[in-house]
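Participant: Kindly generate the corresponding structure for this input.
(3 chains, ligands or ions: 2)
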Amino acid sequence: MNLMISLSKYLPYIFEGSLWSLGLVLGGLGIGFVIGVMFSLIQVYGSSPLRRLISLYVWFFRGTPLIVQLFLFHWSIFPALGIKSTPLITSITVLGLRSGAYQSQIFRGAIGSIEEKQMLAAKAIGMNDWDAISSIVLPQALRIALPQISNEYSIILKDSAICFILGVMELMTRAKYTAIATGIALIPYLMAGLIYIGLTYIGTKLFDLLYLKMRIPGSVEG
Amino acid sequence: MSGETVLRVKDLYKRYGDRIVLKGVSFEIRKAEVKAIMGPSGTGKTTLLKCIDMLVKPDSGRIWLEDLELTDPRIDIGEARKKIGFVFQEFNLFHHLTAIKNVMIGLTKVKKLPKDEARTIAERALLKVHIERELWDKYPAQLSGGQKQRVAIARALAMEPMIMLYDEPTSALDPQLTGEVLEVIKELAEDGMTSLIVTHEVGFASEIADEIMIMMDGKIIERGDPRKVIHNPRREETRRFFSKILKIGDESR
Amino acid sequence: MSFWEEFLSKLSFGTLITLQLLTVTIPLSVILGILIGILRVYGGRIGKTLANLYVYIFRGFPLLVTLMIMFFGLADIGIRLTPYWAAALAIIICSSAYQSEYVKMSILSIDEGQSLAAKSLGMKRSTEIFYIILPQALRVALPGIGNEIIYMILYSSLAYIVGVNEIFSAAISVNSIWFKPTEVFLVTALIYLAMTTMASYGLKKLEHRLWIPGFETRRKS
Ligand SMILES: Nc1ncnc2c1ncn2[C@@H]1O[C@H](COP(=O)(O)OP(=O)(O)OP(=O)(O)O)[C@@H](O)[C@H]1O
Ligand SMILES: [Mg+2]
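Facilitator: Ligands and ions are numbered 1, 2, ... in the order given. Just a heads-up that it's a prediction; the model follows:
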């Protein structure tokens, strides 16, 4: 009984971590989006040395664990660049760089699936390359990629838990402190887990709504 | 035509949702007899064959394979299906198995025969449908439609069924490939294979069948000697059906 | 001992532990994933519900949450797992939930005719599933399962958090003595890169070997 009371005191404390977790996710997803769009365009239309550079980037970020990337950036790369980072900034940056690697592949696939025919059509009506890409190809590619971006959201959300290793005050860190303070681990972690499920559910529903809004009848689905 | 009854279907009913697809179908087939079922699309021919193999459960009515009642819920339906060969319109060869493995798998996994014995039987069945040795190790995707359907016939045949059910065996084939499949079915029938064939090939049906049954809207509306049913039917619907498909046949020629 | 001597010796030990962890978790999670996938399609009302619940929970939880529950949480109710088994179980549970998704989808993608043909030969349901449906479905699921295996290599690094002496924990321990984060974490990253790259190569080879003529066209139709 006592236990329940002391645990319930921590409930708002853990819940507040949701905001931090969402901050990490939105930051990471946003940075990843910008990188993903840029890099996918370069991978489809860019010169071959640039393309190879980006393949290398993608290979690195998809082939190493997030936890290693966090430490590498926090303790080595940022200091070497003279940047004084905080755990939060490192976490958002690394989540973003990493998601950029994944998102670039998502967009690359999406662009590839519409590029050929639509480009020809756009050129046929006299558009130049850049106009065709920015006003014809890209908007459609984004629409096609949206379900995968939604999936990427739920992946980053779960990945953001790993940022607790740097002490960011997100859900996991708070669950851990609660476990230490109350001497009970099972319930705080279960609670954190359920909150993650809730956040995934809400986020996915929002993406579904967005998708319905953006959908154009008859357009090719990814 | 004498001989013992192999298959007896009595008063079969089947509905999907509120649509009644079979409305009291009854007939019999005796040993070595060949019967053809013809009729317009969507009248329940496939459903009838599936009911006979119990791939679809009829709502009412009874089916006997010799003395075994297939509609009796207590029987082992796997045992019964072993004795009925089913040839599908879309072949349904197992995509991940070579031609000969397609024929062997029923023998090894259902009849539990040793591998080498299964292989011997499979080889014999394949030769019987004129699939030569160089095709035995090909995968379905590497075979022509006609070859696929003949392998499918061999697969059913190898189980030594008491009756073969063919569901429009040549409908999915290019016209120039139908001949080789029909030829095989005919040879098997002439060897005494009891057969029930759903087909749109009028010439073939009249040549091979002892009796043609015309199915319309879930019922057999006319049956009898092929020549008579085709050229001199009792019912107006039958006449219209044949004039329609014969006309299409003329155009495609 | 010099920095490199100590680093490389600890790192090779850590690599062995990671590889050992993966040899246990990869096969077990694939097998469990297949079983759960089967249950989700053929399991009947109760089996389906339970399997779906399992997947919903363990795909919804971050692996880290499952890991903490395995190691710290279960201890609250008297189940004490070693760090190694807590990590192994968490990885197996989490990954099998994801794998089952690919397995389920691929089973559902096999056309109805395959099942009808199997039944018409008199096959029992189990024979049909194991000899007809699964050999085809697993080929379809292989790329997805392969991706999951790559993820398992990456996420095995979380075992460090409950105290398994794998690669990442070797890196941390060396770095805390020598404080050479650039060398330590770069080399660590390279080891993971080597493992994931080799694994993708091996998986491509496997896909190639299991390939059957016509399979990709069949998937499209
Ligand atoms: N599983 C099912 N669920 C619902 N309706 C079905 C199902 N299978 C068949 N039907 C319907 O039952 C009717 C009869 O179908 P069936 O396939 O038996 O016709 P058919 O005579 O074989 O036609 P065809 O010549 O086109 O092959 C059709 O209207 C069909 O749409
Ligand atoms: Mg039909």
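
Participant: just the helices in the stretch 101-250 of chain B please.
Facilitator: Here the stretch 101-250 of chain B has its helices, by DSSP state H, counting those that start in this stretch, at B:115-128, B:145-157, B:175-190, B:202-208, B:226-231, B:236-252.

Participant: now the longest one and helix B:175-190, what's the angle there?
Facilitator: Relative orientation of helix B:236-252 and helix B:175-190, computed by axes from the mean of the first three to the mean of the last three C-alpha atoms, to 10 degrees: 130 degrees.

Participant: same for helix B:236-252, what does it pack against?
Facilitator: Contacts defined by 3 or more C-beta pairs under 8 Å, 6 or more residues apart in numbering or on different chains; DSSP states H and E place helix B:236-252 against helix B:202-208, strand B:211-216, strand B:219-224. For glycine as for every other residue, the C-beta is placed from the backbone atoms N, C-alpha and C.

Participant: out of the ones you listed, deepest packed?
Facilitator: strand B:211-216 (a mean of 22; mean count of other C-beta atoms under 10 Å in any protein chain shown).

Participant: Please report how far B:Tyr139 lies from B:Thr170.
Facilitator: 22 Å (C-beta to C-beta, to the nearest Å).

Participant: if you count what's nearby, which of the two comes out ahead?
Facilitator: B:Thr170 (23 against 19; other C-beta atoms under 10 Å in any protein chain shown).

Participant: per-residue pLDDT, the nearest residue to that one once chain neighbours are set aside?
Facilitator: Leaving aside its sequence neighbours, B:Thr170 sits nearest to B:Thr178 (C-beta to C-beta, 6 or more residues apart in numbering or on different chains; 4.0 Å). In this model, B:Thr178 is scored at 93, pLDDT.

Participant: OK, contacts around residue 84?
Facilitator: Since no chain was named, I'll use chain A. Applying C-beta atoms under 8 Å, 6 or more residues apart in numbering or on different chains, we find A:Lys84 in contact with A:Phe78.

Participant: try chain B instead
Facilitator: B:Ile52, B:Asp53, B:Leu65, B:Pro161, B:Met162, B:Ile163, B:Met164, B:Leu165, C:Ser120.

Participant: Need phi/psi at it.
Facilitator: For B:Ile84, the backbone dihedrals (degrees, to the nearest 10) come out as phi -120, psi 120.

Participant: how much space is there between whichever residue of chain B sits closest to chain A and chain C?
Facilitator: Going by C-beta to the nearest C-beta, chain A is nearest to B:Ala141 of chain B, at 25.0 Å. Look at B:Ala141 and chain C: by C-beta to the nearest C-beta, to the nearest Å, they are 2 Å apart.

Participant: shouldn't B:Glu207 be in contact with B:Lys186?
Facilitator: Yes - counting by C-beta atoms under 8 Å, B:Glu207 touches B:Lys186, with 7.4 Å between them.

Participant: Tell me the secondary structure at B:Asn92.
Facilitator: coil (DSSP: H, G, I helix; E, B strand; the rest coil).

Participant: Isn't it up against B:Ala152?
Facilitator: Yes - with contact defined as C-beta under 8 Å, B:Asn92 reaches B:Ala152; the gap is 6.8 Å.

Participant: Now for these two: what residues contact both?
Facilitator: With C-beta under 8 Å, 6+ apart, B:Asn92 and B:Ala152 have common neighbours C:Ala117.

Participant: Tell me which of those two has more neighbours.
Facilitator: Taking other C-beta under 10 Å, B:Asn92 and B:Ala152 do not tie; B:Ala152 has more neighbours (28 against 23).

Participant: residues touching that one, list them.
Facilitator: B:Ala152 neighbours (C-beta under 8 Å, 6+ apart): B:Val87, B:Phe88, B:Phe91, B:Asn92, B:Leu93, B:Asn102, C:Ala117.

Participant: Not counting its neighbours along the chain, what's nearest A:Thr90?
Facilitator: Nearest one to A:Thr90, counting by C-beta to C-beta, 6+ apart, is A:His74 at 4.4 Å.

Participant: any idea how far the one you found is from chain B?
Facilitator: Applying C-beta to the nearest C-beta to A:His74 and chain B gives a distance of 49 Å.

Participant: Residues of chain C that sit close to chain A?
Facilitator: C:56-57, C:60-66, C:68-69, C:72-77, C:154-155, C:157-158, C:160-161, C:168, C:171-172, C:175, C:181-182, C:185-186, C:188-189, C:192-193, C:196-197 (C-beta under 8 Å from any C-beta of the partner chain).

Participant: Could you turn the buried ones of those into a PyMOL selection?
Facilitator: One line in PyMOL is enough to select the buried ones among the residues of chain C next to chain A; burial here means 16 or more other C-beta atoms under 10 Å in any protein chain shown:
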select buried, chain C and resi 57+60+61+62+63+64+65+66+68+69+72+73+74+154+155+157+158+160+161+168+171+172+175+181+185+186+188+189+192+193+196
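
Participant: what residues does chain B put near chain C?
Facilitator: So chain B meets chain C at B:50, B:53, B:55, B:78-82, B:84-86, B:88, B:90-96, B:105-106, B:109-110, B:139-142, B:152, B:155-156, B:159 (C-beta under 8 Å from any C-beta).

Participant: Next: chain A.
Facilitator: So far as C-beta under 8 Å from any C-beta goes, chain A lies against chain C at A:59-60, A:62-69, A:71-72, A:75-76, A:79-80, A:157-159, A:161-162, A:164-165, A:172, A:175-176, A:179, A:184-186, A:189-190, A:192-193, A:196-197, A:200.

Participant: In chain A, spot the helix with the most residues.
Facilitator: Ranked by residue count, the top helix of chain A under DSSP state H comes out as helix A:2-45.

Participant: got the contact list for the spatially most central residue of chain A?
Facilitator: Geometric centre of chain A, nearest residue: A:Leu29, 3.3 Å, by C-alpha atoms, centre = their mean. Shown in contact with A:Leu29 (C-beta under 8 Å, 6+ apart): A:Gly96, A:Ser99, A:Ile149, A:Glu152, A:Tyr153, A:Ile156.

Participant: filter these down to the ones close to ligand 1.
Facilitator: Among the contacts of A:Leu29, none lies close to ligand 1 by the criterion of C-beta under 6 Å from any ligand atom.

Participant: Let me have those residues in a markdown table, extended by pLDDT, secondary structure and distance to B:Thr43.
Facilitator: What follows is these, written out as a markdown table (pLDDT from 0 to 100; DSSP: H, G, I helix; E, B strand; the rest coil; distance: C-beta to C-beta, whole Å):
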| residue | pLDDT | secondary structure | distance to B:Thr43 |
| --- | --- | --- | --- |
| A:Gly96 | 98 | helix | 62 |
| A:Ser99 | 98 | helix | 57 |
| A:Ile149 | 96 | helix | 49 |
| A:Glu152 | 97 | helix | 51 |
| A:Tyr153 | 97 | helix | 51 |
| A:Ile156 | 97 | helix | 56 |
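
Participant: Make a markdown table out of those residues and add distance to B:Arg234.
Facilitator: Listed next are these as a markdown table, based on distance: C-beta to C-beta, whole Å:
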| residue | distance to B:Arg234 |
| --- | --- |
| A:Gly96 | 80 |
| A:Ser99 | 75 |
| A:Ile149 | 67 |
| A:Glu152 | 69 |
| A:Tyr153 | 69 |
| A:Ile156 | 74 |
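
Participant: Of those residues - the most surrounded one?
Facilitator: A:Ser99 (28 neighbours).

Participant: Quick check: chain neighbours aside, which residue is closest to that residue?
Facilitator: A:Gly32 (2.8 Å).
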